[in-house]
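Trainee: Just the structure for this:
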Amino acid sequence: MKNLVEEIQFPVGQGGLHLGVINDFAYIYDCGALDKDNEEWNNHFYEICAILSRAYDVKEIHIYISHMHYDHCNKLFSLIKELRKIDIRSGKIYIPKITSPEKLLLLLDSNISIKQDYGFYQFIRDPIGSFRNSEFQVIELNPSENNEYKPQETKSHLGIFYEHQWILDPFISKANNDKKLLNFSSKVSDPKIKEFLDKLLSNQQDRDIAEKLFDCLENEEFFDKLQTEYRNHFESNKFHESMLCLYSGPQNYHDCYIYNFCIDYNFCQPHCHKLYRFHKQKRYFNHFLGWLHTGDINLKKIEDTPFYKYYKEYLPDKVSIMQIPHHGSKNNHDANFLNIFGNNIKEKLFYLTINNQKRNKPGEAKMDVSDIFGLYLDHLQILTEYPNKGIYFQILLREK
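Mentor: So this is what the prediction gives:
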């Protein structure tokens, strides 16, 4: 169907993989996970390729990476390799612009050595250069001083289908990690590491010097010492990053309606993309059918956040499905999170992505869903790495 919109959140566990297709326009939000079996990833990639080649004339794809954590982007190169098999050889990759100190903190915080995944290291070190020899263009999005940014490529409505318009609206949060690196530098005992950190901080605006400093990280012994020092002084995932969030939805609610909706996959046979079970279709939604991707953004005291001020026109009415940020971490939201929806919460679906074995792991600051959602617990879906759990959302645009 030429007027069919498909939005799919794949079950990858802790990470993210979302496909949205609107006529001949396709976008992906995040592409990575922790501890995910390669065979299951191949199934997801096959599913994406099958959908894109089944009924659409997609020639390029827009990929949005919420942030540069390993579990949100480590499958990006594999995805692009698979897309080439169906003749999608070009596209744009949108990422939040990150500073040299932030790049270093990402590499140290990832618990992944350069030897383990050199491609990830290169992507963090030089995102644009990583795709210099391909037809994919990396666009670094930098928030303005008031913490808002609409890139020109996505600010306008992306397509008109039967005289209807669909909106993709990105928001970039701003982070500053210089203080954390200064704190790190003040605590290290190794003089070579301290010299490296001080030079990086003082020369971060000079790209050539920063590049030469990052060459030091390819010395495995030096990088291991640096990572050991970092782990001795900081807990993992304790620094904030610039974050790319994304709203996807129709311009006018009366121009579309739900065609199909389900929260279960059924991979009964390998590489079979038609085996969905629509047993809970049309359960939650009314009016607008927008989807809000939040990555790992911090939404504590949400009404005071730039995120809320930016998306206020969409919240609470226009968003039907919303991601709970940072895999349900208590560090990223609180009970006030649901108050912004008021009575509209009965028409919403929320989800979080997390590995099944981490859901009740001692010491993990994960969300207590019963405390937060209370009577609305059935409006929350916890998507793990199990292949039979995902969200599939079909919207039909009305013909005029």
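
Trainee: just checking, residue 20 is part of a strand?
Mentor: Yes: assessed by DSSP: H, G, I helix; E, B strand; the rest coil, residue 20 belongs to a strand.

Trainee: Any buried residues in stretch 179-197, and which?
Mentor: For stretch 179-197, burial by neighbour count (16 or more other C-beta atoms under 10 Å) applies to 180-181, 184-185, 188, 193-194, 196-197. Any C-beta I mention is one placed from the backbone N, CA and C, and that applies to glycine too.

Trainee: Put the alpha carbons of it into PDB.
Mentor: The C-alpha trace of stretch 179-197 is given here as PDB (Å, rounded to 0.1, in the frame of the first residue of the first chain):
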ATOM      1  CA  LYS A 179      34.500  19.200  34.400                       C
ATOM      2  CA  LYS A 180      34.500  15.400  34.600                       C
ATOM      3  CA  LEU A 181      37.700  15.100  32.600                       C
ATOM      4  CA  LEU A 182      39.300  17.800  34.800                       C
ATOM      5  CA  ASN A 183      38.300  15.900  37.800                       C
ATOM      6  CA  PHE A 184      39.700  12.700  36.300                       C
ATOM      7  CA  SER A 185      43.000  14.500  35.500                       C
ATOM      8  CA  SER A 186      43.300  15.700  39.000                       C
ATOM      9  CA  LYS A 187      43.000  12.200  40.400                       C
ATOM     10  CA  VAL A 188      45.300  10.200  38.200                       C
ATOM     11  CA  SER A 189      48.800   9.200  39.500                       C
ATOM     12  CA  ASP A 190      50.500   8.300  36.200                       C
ATOM     13  CA  PRO A 191      52.300  11.400  34.900                       C
ATOM     14  CA  LYS A 192      52.000  10.400  31.200                       C
ATOM     15  CA  ILE A 193      48.200   9.900  31.500                       C
ATOM     16  CA  LYS A 194      47.800  13.200  33.300                       C
ATOM     17  CA  GLU A 195      49.800  15.000  30.600                       C
ATOM     18  CA  PHE A 196      47.600  13.400  27.900                       C
ATOM     19  CA  LEU A 197      44.400  14.500  29.700                       C
END
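
Trainee: what does that stretch contact?
Mentor: Contacts with stretch 179-197, where a contact means C-beta atoms under 8 Å, 6 or more residues apart in numbering, come from 101, 104-105, 198, 200-201, 213, 216, 222, 225-226, 229-230, 233-234, 239.

Trainee: Would you mind giving me the ChimeraX syntax to select the buried ones in these?
Mentor: Here is the ChimeraX command that selects only those of these that count as buried (16+ other C-beta under 10 Å):
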select :101,104,105,200,201,213,226,229,230,234,239
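
Trainee: Any chance you could list what contacts the longest helix seen in the chain?
Mentor: Counting by DSSP state H, the longest helix found in the chain is helix 38-54. Helix 38-54 has contacts (C-beta under 8 Å, 6+ apart) with 6, 8, 10, 12, 17, 19, 21, 26, 28, 33, 58, 61, 75, 78-79, 82-83, 85-86, 88, 267, 270-271, 273, 385, 387.

Trainee: quick one, helices of the chain?
Mentor: Per DSSP H, the chain has helices spanning 38-54, 70-73, 76-84, 100-109, 118-125, 127-130, 152-155, 178-187, 191-202, 207-215, 220-233, 306-311, 369-373. These are given in chain order.

Trainee: Mind checking those for the one nearest to residue 256?
Mentor: The closest of the helices of the chain to residue 256 is helix 38-54. By C-beta to C-beta, the value is 18.8 Å.

Trainee: Buried residues in that closest one, which are they?
Mentor: Neighbour count says helix 38-54 has 40-41, 43-49, 51-52 buried, by 16+ other C-beta under 10 Å.

Trainee: Dump that helix to CSV, restricted to CA.
Mentor: Extracted C-alpha coordinates of helix 38-54, given in CSV (Å, rounded to 0.1, in the frame of the first residue of the first chain):
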residue,chain,number,x,y,z
ASN,A,38,24.4,-12.5,15.7
GLU,A,39,21.8,-14.9,14.3
GLU,A,40,19.1,-12.9,15.8
TRP,A,41,20.6,-9.7,14.4
ASN,A,42,20.6,-11.3,11.0
ASN,A,43,16.9,-12.0,11.4
HIS,A,44,16.3,-8.4,12.3
PHE,A,45,18.3,-7.2,9.3
TYR,A,46,16.6,-9.6,7.0
GLU,A,47,13.3,-8.3,8.3
ILE,A,48,14.3,-4.7,7.6
CYS,A,49,15.4,-5.5,4.1
ALA,A,50,12.3,-7.5,3.4
ILE,A,51,10.1,-4.6,4.5
LEU,A,52,12.0,-2.0,2.5
SER,A,53,12.1,-4.1,-0.6
ARG,A,54,8.6,-5.5,-0.4
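
Trainee: looking only at pLDDT, what's the mean for that helix?
Mentor: If you average the pLDDT over helix 38-54, you get 85.

Trainee: now it and helix 76-84, what's the angle there?
Mentor: Interaxial angle of helix 38-54 relative to helix 76-84 (axes from the mean of the first three to the mean of the last three C-alpha atoms, to 10 degrees): 40 degrees.

Trainee: gap between helix 38-54 and the chain center?
Mentor: Here helix 38-54 is found 18 Å from its chain centre; the criterion is C-alpha atoms, centre = their mean, to the nearest Å.

Trainee: Tell me the spacing between residue 29 and residue 18.
Mentor: For residue 29, the distance to residue 18 equals 4 Å [C-beta to C-beta, to the nearest Å].

Trainee: distance between the ends of stretch 378-386?
Mentor: End-to-end distance for stretch 378-386, by C-alpha to C-alpha, to the nearest Å: 19 Å.

Trainee: List of residues touching it?
Mentor: Contacts for stretch 378-386 (C-beta under 8 Å, 6+ apart): 9, 11-14, 33, 35-37, 40, 263, 284, 324, 328, 345-346, 348-356, 359, 369, 373, 389-391.

Trainee: show me the contacts for the closest residue to residue 19 other than its chain neighbours.
Mentor: In this structure, residue 19 finds its nearest non-sequential neighbour in residue 8, 4.7 Å apart by C-beta to C-beta, 6 or more residues apart in numbering. Counting by C-beta under 8 Å, 6+ apart, residue 8 makes contact with 18-20, 47, 51, 390-393.

Trainee: Of all the helices of the chain, which one is nearest residue 291?
Mentor: helix 306-311 (12.1 Å).
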